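Engineer: let's see this in three dimensions:
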Amino acid sequence: MTEGGSKTGYGRLYGIGVGPGDPELLTLKAHRILQQVPLVCVPQAITSRDSFALGIVQKFLNLDAQEVMRIRFPTNNEKGAGEVWRRAACEIAERLEGGQDAAFITEGDPMLYSTFSYVLKSIRADYPGVPVEIVPGVSSVMAAAASAKAPLVTHGQSLAVLPAAYGTNGLREAIANHDTVVLMKVNRAMVQALAELEELGLAGKSVYVKRASMDSEQIVHDLERLAEEDLDYFSLLIVRKCLQ
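Structural biologist: I've put the predicted structure just below:
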């Protein structure tokens with residue numbers, strides 16, 4: 001058992017953000033814990049051949065001494081998704097009952113659009129005795145802003161972070177009420193909707209960032225240049241009313 005432990009007999013569950021893609025953006029604390037825990041829980045979309053989060057940290061693990069538990073999950077909120085996460089929480093809790101610590105890794109930060117939030121909800125509801133520690137990570141929002149050299153907000157300004165599924169009317173409202181809007185996981189429909197930016201006086205005030213911090217990173221300031229193949233699950237769009 002690592003330094004976790006607890007008076008309840010459960011091992012400690014760590015929710016660890018592993019950052020946006022560049023392994024060097026992993027925090028020192030995350031690195032230390034990942035080298036200590038005997039069990040690493042890895043989310044993997046059912047449509048993917050491997051886990052993106054695992055790919056970030058794999059070189060830091062000792063797979064001869066550590067076990068990797070893969071948790072396959074649906075990529076949308078289809079019926080039955082909740083049960084997937086409840087079963088995952090149960091399986092993890094069974095391992096924690098023996099006093100073994102475990103880390104659940106997730107790209108970005110565990111508290112921002114993260115798969116870990118679903119596991120955390122089930123653990124807190126069904127296994128309240130499990131001690132949980134959350135290690136924050138660099139989110140794609142911050143990584144993209146850094147890559148694009150685009151400050152998100154300055155003193156007194158407001159920021160909204162929206163999922164790709166956000167409707168056009170809601171987007172217009174968010175742009176009207178905030179100085180900066182970040183749209184996560186940009187898709188073609190959203191880019192087409194953003195053609196309205198010109199009538200909102202925001203033409204030329206957006207930047208699209210694909211795979212921030214990775215070798216395949218792409219930054220596009222002219223949205224009209226975006227082709228279908230440029231759009232990516234690991235992408236976002238930063239819209240600022242004022243570029244200064």
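
Engineer: quickly list what the residue positioned nearest the centre of the chain is bridged to.
Structural biologist: By C-alpha atoms, centre = their mean, the chain has its centre lying nearest to residue 108, at 3.9 Å. Here residue 108 shows beta-bridge partners residue 19, assigned using DSSP bridges.

Engineer: right, and it touches residue 142 too?
Structural biologist: No. With contacts counted by C-beta atoms under 8 Å, residue 108 stays clear of residue 142, the gap being 9.1 Å. Every residue, glycine included, has its C-beta placed from N, CA and C.

Engineer: ok, now which ones touch the residue nearest to the centre of the chain?
Structural biologist: 17-20, 114, 137-140 (C-beta atoms under 8 Å, 6 or more residues apart in numbering).

Engineer: give me that answer again for 10 Å
Structural biologist: 17-21, 53, 114, 116, 136-143, 184, 212, 234 (C-beta atoms under 10 Å, 6 or more residues apart in numbering).

Engineer: which secondary element of the protein has the worst mean pLDDT?
Structural biologist: Least confident element among the helices and strands of the chain, by mean pLDDT, DSSP states H and E: helix 188-193 (a mean of 66).

Engineer: in the protein, which spans are helices?
Structural biologist: 28-36, 52-57, 81-96, 116-126, 140-148, 168-177, 188-193 (DSSP state H).

Engineer: can you list residues touching both of residue 108 and residue 142?
Structural biologist: Joint contacts of residue 108 and residue 142 (C-beta under 10 Å, 6+ apart) are 19-20, 212.

Engineer: what is the nearest of these to residue 171?
Structural biologist: Comparing those against residue 171 with C-beta to C-beta places residue 212 closest, at 21.1 Å.

Engineer: and that closest one, how close does it get to residue 10?
Structural biologist: Applying C-beta to C-beta, to the nearest Å, the value for residue 212 to residue 10 is 36 Å.

Engineer: between those two, which has more neighbouring residues?
Structural biologist: residue 212 (28 against 23; other C-beta atoms under 10 Å).
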